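Asks: below are the sequence and a predicted model; questions follow.
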Amino acid sequence: MTKLRPISEIVTKSIEDERGEFQSSSTDIHAYASEAGQCARSIAMRMADIPVTDPPGDTAVWSMHVGSMIHDRIQRAIMADYPEAALEVPYRIGDITGRADATYEPDGKLVVCEIKSMAPYAFEKAVLGTKYNKAEGPSPEHAMQLGIGAVALKAAGRHLIYANKAPKANQPAMHEWRDKGSGERMVAAEIKRLGAIVNDVESGILPEREYGGDIIEEPQQTAWPCSYCRRRAACVKFGPGRIELGGATS
């Protein structure tokens, strides 16, 4: 009798085959708005087509898949309630491309919407607060991504939705923030930073491991964001500092 492979292996391969790593329709070197706030080296390695050395494991793949299903369900609900809504709206601003999860126009004014599915702990930290700290609100990365889309699409309003992947009893499944624009300096600075990373890669250079204004010294010993990086081993091999790629990507 033929032995069936472990179902986790089968499911993970199936999801990864369908999903893959996102590829933009633009062929030039550019950043994604969804990379806002991420490690500069990680963004640059993706731009430079450095092969993936650390693919996500079964747990991460499944979590992303569950998040995608939640994401799609919220999008369908928005479409049902807002007849003028559009989904996956593409935009470009300078060297950055993106797709707004949804846009709609209440009172004739454009609103850009981003949807983020969250692990329970991350949702609690942002929305509910923990035993030790008050709710932190949206992450800077998510706020910057939404802000970039709003600037690119000249939107009057912004709508950020957090969805809890596994809410506990008496906890909300979702939370939302609506505003007319905030953190403009932060968004403008991030647009400039992403543009500088593009310029580095076009010049055949990988930038330093800059994240949140600091330099990551030991990626092998850094849980966040390094443990989620798909090119962590490659980054370690390249070493610290700014790295010359011999102009191969220019």
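Replies: Ah, there it is.

Asks: dump stretch 166-178 to PDB, restricted to CA.
Replies: Listed next in PDB are the C-alpha coordinates belonging to stretch 166-178 (Å, rounded to 0.1, in the frame of the first residue of the first chain):
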ATOM      1  CA  ALA A 166      -8.700  33.400  16.800                       C
ATOM      2  CA  PRO A 167     -10.700  35.700  19.200                       C
ATOM      3  CA  LYS A 168     -11.200  34.500  22.700                       C
ATOM      4  CA  ALA A 169     -14.600  34.500  24.400                       C
ATOM      5  CA  ASN A 170     -16.000  38.000  24.800                       C
ATOM      6  CA  GLN A 171     -13.300  39.500  22.600                       C
ATOM      7  CA  PRO A 172     -14.100  41.300  19.400                       C
ATOM      8  CA  ALA A 173     -13.300  39.600  16.100                       C
ATOM      9  CA  MET A 174     -12.500  42.900  14.400                       C
ATOM     10  CA  HIS A 175     -11.500  46.500  15.200                       C
ATOM     11  CA  GLU A 176     -11.300  49.500  12.800                       C
ATOM     12  CA  TRP A 177      -9.800  53.000  12.700                       C
ATOM     13  CA  ARG A 178     -11.100  55.700  10.400                       C
END
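
Asks: give me the contacts around it.
Replies: By Cβ atoms under 8 Å, 6 or more residues apart in numbering, the surrounding residues in contact with stretch 166-178 are 74, 111, 119-120, 123-124, 126-128, 137-138, 157-164. Heads up, the C-betas are built off the backbone N, CA and C, glycines and all.

Asks: got it, and stretch 108-120?
Replies: Against stretch 108-120 from outside (Cβ under 8 Å, 6+ apart): 63, 66-68, 70-71, 74-75, 78, 89, 100-105, 126, 142, 145-146, 149-150, 153-168, 178.

Asks: which of the contacts of stretch 166-178 fall in strands?
Replies: Taking DSSP state E, the ones among these that sit in strands are Val111, Gly157, Arg158, His159, Leu160, Ile161, Tyr162, Ala163, Asn164.

Asks: so which other helices or strands are in contact with the worst-scoring helix or strand of the chain on mean pLDDT?
Replies: One helix or strand of the chain scores below all others by mean pLDDT, DSSP states H and E: helix 7-19, with a mean of 72. Helix 7-19 makes packing contacts with helix 58-81 when contacts are defined by 3 or more Cβ pairs under 8 Å, 6 or more residues apart in numbering; DSSP states H and E.

Asks: flag the shaky bits of the protein, pLDDT-wise.
Replies: 1, 15, 19-25, 180-182, 246-250 (pLDDT under 70).

Asks: what's the closest non-adjacent residue to the residue positioned nearest the centre of the chain?
Replies: Of all residues in the chain, the one closest to the mean position by Cα atoms, centre = their mean is Ser34, 3.8 Å from it. Of all residues not flanking Ser34 in the chain, Gln145 sits nearest, at 5.8 Å (Cβ to Cβ, 6 or more residues apart in numbering).

Asks: residues in contact with that neighbour?
Replies: For Gln145, the contacting residues are Ala33, Ser34, Ala36, Gly37, Gly98, Glu114, by Cβ under 8 Å, 6+ apart.
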